[in-house]
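S.K.: Build me a structure from this.
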Amino acid sequence: MPLSPSLPPGTTQRTLSIIMGGGAGTRLFPLTKDRAKPAVPLGGKYRLVDIPISNCLNSGLRSIYVLTQFNTMSLHRHIQASYKFDNFSRSFVDILAAQQTPENRKWYQGTADAVRQNMRYFLEQPYDYFLILSGDQLYRMDFRVLLHQHIRSGADITLAVTPVQRTAASDFGIMLSGNDRRITRFVEKPTDPAVLEELKLNRETLEAIGRSTNERLFQASMGIYVFNRQVLVDCLQGDLADFGKHVIPKAIGERHVSAYIFQGYWEDIGTIRAFYEANLDLTSLVPKYSFFEANAPIYTHPRFLPGSKINGATLR
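M.R.: Got it, this is the predicted structure:
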């Protein structure tokens, strides 16, 4: 993980991380038959939810809520057993399970609705920034870099985006931004060649991120958002259900929405194929994603098992 730029003092303490516990996870069935998507095992000893939590902790963000609803027992048990802090610390990883209240008897209708239903908890402390994360992605990111760009640009909302090739563009929400990174257009899973031609990264942006100007790349949303406090409150007025489908497209026309271009490894573990290929790649001699990063480890609940016993094998 590269060195992060300096942030204004206290920025990480004034940032609240909110991890979405995922929906029913039907595309990952049968792995999600008895557990939530973020509780699905990864790489032998980890759970998917360990990735965003570890990224937060490694970025100095130690105020974390996980919002849950479906098949939550395994996920709750893992989080409660794994993430314990000093009693005198202000750090926490807390679970907010869907609940019925006198004001609202509905379950979460989407990511934005889940945040809306829990806003009273988020606003109890004087957080200036809210970092919204998915609980089922594989990546390693220093969120301090994301926060630095968000503050420096004066944005109301910042989205993390990743460059993707033309063949993958139709699987994502694609953003169009200028050289100043301000997003001016959003198209959900575009397939029209003429539209795609309009959405590709321009020459100046390609040069700025160190890519060849001959590449045809597109900015795909990673489902990672930074909101200013009052902006989040204002955007969740009403009944918009989902950040990616409703809140962000509406905000682009009304507010300063900026794109943070992330170029590291990122995989959305949303399907059986993606899950299989991500796990299989971990066995490569040099995997695309490595758990062996001394400066940015991935935390999990330790498993106290006896040592391996190997007979008649050649190990290299």
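
S.K.: Can you show me the strands along the stretch 201-316 of the chain?
M.R.: 217-228, 257-261, 266-268 (DSSP state E, counting those that start in this stretch).

S.K.: Now these in a markdown table, please, with extra columns for distance to His148.
M.R.: Yep, even glycine has a C-beta here, placed from its N, CA and C like the rest. Supplementary listing: the strands of the stretch 201-316 of the chain in a markdown table, determined by distance: least, CB to CB, whole Å:
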| stretch | distance to His148 |
| --- | --- |
| strand 217-228 | 11 |
| strand 257-261 | 9 |
| strand 266-268 | 19 |
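
S.K.: Adding mean neighbour count, write those out as JSON lines.
M.R.: Converted to JSON lines, the strands of the stretch 201-316 of the chain look like this (neighbours: other CB atoms under 10 Å):
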{"stretch": "strand 217-228", "mean neighbour count": "23"}
{"stretch": "strand 257-261", "mean neighbour count": "23"}
{"stretch": "strand 266-268", "mean neighbour count": "18"}
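
S.K.: Go through the ones you listed and name the closest to Ala313.
M.R.: strand 266-268 (31.1 Å; CB to CB).

S.K.: Quickly run through the sheet partners of that closest one, with directions.
M.R.: Strand 266-268 pairs in its sheet with strand 137-139 (antiparallel), by DSSP bridges.

S.K.: wait, Phe130 sits on Phe122?
M.R.: Yes. Using CB atoms under 8 Å, Phe130 is in contact with Phe122, at 6.7 Å.

S.K.: list residues touching both of the two?
M.R.: Common neighbours of Phe130 and Phe122, using CB atoms under 8 Å, 6 or more residues apart in numbering, are Leu16, Ile18.

S.K.: Redo the strands of the stretch 201-316 of the chain as TSV? Include mean pLDDT and distance to Leu206.
M.R.: Below are these laid out as TSV (pLDDT from 0 to 100; distance: least, CB to CB, whole Å):
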stretch	mean pLDDT	distance to Leu206
strand 217-228	93	7
strand 257-261	94	10
strand 266-268	89	19
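
S.K.: Hmm, Thr12 is touching Leu57, no?
M.R.: No. Using CB under 8 Å as the test, Thr12 is too far from Leu57 to be in contact (10.7 Å).

S.K.: How much space separates Phe291 from Gly43?
M.R.: Phe291 sits 6 Å away from Gly43, taking CB to CB, to the nearest Å as the criterion.

S.K.: try Ala114
M.R.: For Ala114, the distance to Gly43 - CB to CB - is 27 Å.

S.K.: more neighbours, these two?
M.R.: A direct count of neighbours by other CB atoms under 10 Å for Ala114 and Gly43 places Ala114 higher, at 24 against 19.

S.K.: Which residue lies closest in space to the more buried one, excluding its sequence neighbours?
M.R.: Once flanking residues are discounted, Ala114 sits nearest to Tyr108: 4.0 Å by CB to CB, 6 or more residues apart in numbering.

S.K.: give the contact list for the one you found.
M.R.: Neighbours of Tyr108 in contact, by CB under 8 Å, 6+ apart: Leu67, Gln69, Ala98, Ala114, Gln117.

S.K.: just Ala169 next, same as before
M.R.: Pro190, Leu196, Leu199, Phe218, Ala220 are the contacts of Ala169 under CB under 8 Å, 6+ apart.

S.K.: Kindly list the main-chain dihedrals of it?
M.R.: phi -60, psi -30 (degrees, to the nearest 10).

S.K.: Next one, pLDDT for it please.
M.R.: On the pLDDT scale, Ala169 is placed at 88.

S.K.: now do the one 10 residues further on
M.R.: Residue-level confidence at Asn179 comes out at 87, pLDDT.

S.K.: burial of it, as a residue count?
M.R.: Asn179 has 11 nearby residues by other CB under 10 Å.

S.K.: Can you pick out the most distant pair from the contacts of Tyr108?
M.R.: Pairwise distances across the contacts of Tyr108 peak at 10.4 Å for Gln69 and Gln117 (criterion: CB to CB).
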